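1. coordinates only, sequence not included:
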């Protein structure tokens, strides 16, 4: 009998011998009974488990089938080094890490000072690249820590540590560089081309689902009945975040979050934007931001008319809504690219804002690098988002008299075609 035939016979025999065990294991996994124990190869606290079916792995080594098994399953310890780094093309990097390899490597270079670890006599430290890859994979997918652990062949605790380490590094090293206002005139011109003059951004909030915190859990329950943490963001005309505020419990109203933010303080003082006014009719108008009915009407914050509307109010609301859509699209792209934001984040209240902030920074990096937003991502995101729908808007009636005059002047100018 040839060696190839012998190999086939041995493998078929071992597979048949193990069918009952495989079926039993499959049933355990389906019912969530699979052991959580594992050996941590990267950080000090450790757990334990066996690799499973060692005799089969040894047998496959004896018949020289390891290489074939590696390429079929892509879950060996060499998967990262031999396949991802050396074989994957940009489309595979984009699908799995949400950015091309070149952008990924740039991010790693920028974070290396915070993430590089020293090898010890006991073990080799994870490379910066692998640490970042683990974090991005976890952020980009709704996969469990266990699933990511198996994908990269590291301990489950290593996955959790990598996410926090990378998120902290992004927040400390990159946030102030990538979440910035930038060239205000370019932003104003961009919104003017969309139909709203002297506009510096659109603001809104979005709920990120989380597990119920151990303390004050009721404060995090939003109007839809699930626990969440709020992200409030100002977005420019091309969907990049220019200011973010993260961490408020889901029960808190958007207007309260806004009034307690640094952004509100700077807008109120007139220090966030340059002192650049235009005249609309006979009214002076500073650079404004656009909000929905949840925000107060201010001289520097325009919101839509409410109630029964005439044609001029309708046109104003249309112009405002068209420009304000950029913030809703930005949130949609953020969550579709980093899908972990659509599932309940299994992190402490301290770490959740750091991870959300890191995702916003990564969103801006992808925008600035021209990374493709794949059409299929939105479909996947909509399926996940259906489990945690966004609470409706609670309108705020407050309005400053000066703001009312500015809005009326804009409404009139839109009808007469004077403001484009």
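-> Alright, I've got the coordinates. Since this is a predicted model, take the numbers as computed values, not measurements.

2. What is the longest strand along the chain packed up against?
-> The strand that spans the most residues within the chain, counting by DSSP state E, is strand 199-209. Applying 3 or more CB pairs under 8 Å, 6 or more residues apart in numbering; DSSP states H and E, we find strand 199-209 packed against helix 184-194, strand 228-235, helix 254-259, strand 288-290, helix 311-337. To be clear about C-beta, it is placed using only N, CA and C from the backbone, and glycine gets the same treatment.

3. Check which helices and strands the fourth one sits against.
-> Under the contact criterion of 3+ CB pairs under 8 Å, 6+ apart, strand 288-290 touches strand 199-209, strand 301-302, helix 311-337.

4. so how far is stretch 228-242 off the chain centroid?
-> Relative to its chain's centre, stretch 228-242 lies at 11 Å (CA atoms, centre = their mean, to the nearest Å).

5. ok, residue 409 - contacts?
-> Shown in contact with residue 409 (CB atoms under 8 Å, 6 or more residues apart in numbering): 280, 281, 282, 283, 285.

6. Just put the residues you listed in a markdown table and tack on pLDDT and secondary structure.
-> Output for these, formatted as a markdown table (pLDDT from 0 to 100; DSSP: H, G, I helix; E, B strand; the rest coil):
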| residue | pLDDT | secondary structure |
| --- | --- | --- |
| 280 | 96 | strand |
| 281 | 92 | coil |
| 282 | 92 | coil |
| 283 | 96 | strand |
| 285 | 98 | strand |
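
7. where in the chain is pLDDT low?
-> The chain contains residues with pLDDT under 70 at 1-77, 118-124, 418-420.

8. right, and out of the contacts of residue 409, which lies closest to residue 220?
-> Nearest to residue 220 among the contacts of residue 409: residue 285, at 38.5 Å, using CB to CB.

9. hmm, back to that, which of the helices and strands packed on strand 288-290 sits closest to residue 382?
-> helix 311-337 (8.3 Å).

10. Could you give the number of residues near the residue lying closest to residue 160 once chain neighbours are set aside?
-> In space, and not counting its chain neighbours, residue 160 is closest to residue 145: 5.9 Å by CB to CB, 6 or more residues apart in numbering. Summarising burial for residue 145: neighbours were counted as other CB atoms under 10 Å, giving 17.

11. What separation do you get for residue 145 and residue 361?
-> With distances taken as CB to CB, to the nearest Å, residue 145 is found 22 Å from residue 361.

12. quick revisit: would you mind giving the helices and strands packed on strand 288-290 as TSV with mean neighbour count and distance to residue 349 added?
-> Listed next are these as TSV, based on neighbours: other CB atoms under 10 Å; distance: least, CB to CB, whole Å:
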stretch	mean neighbour count	distance to residue 349
strand 199-209	25	12
strand 301-302	23	29
helix 311-337	19	20
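
13. got TSV for the ones you listed, with distance to residue 247 too?
-> Below are the helices and strands packed on strand 288-290 laid out as TSV (distance: least, CB to CB, whole Å):
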stretch	distance to residue 247
strand 199-209	10
strand 301-302	22
helix 311-337	16
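
14. quick one, which of those is nearest to residue 351?
-> Residue 351 lies closest to strand 199-209 among those, at 12.5 Å (CB to CB).

15. Tell me what angle the closest one forms with helix 184-194.
-> Here the directions of strand 199-209 and helix 184-194 differ by 90 degrees (axes from the mean of the first three to the mean of the last three CA atoms, to 10 degrees).

16. how far out from the middle of the chain is strand 199-209?
-> Taking mean C-alpha positions (CA atoms, centre = their mean), strand 199-209 and its chain are 14 Å apart.
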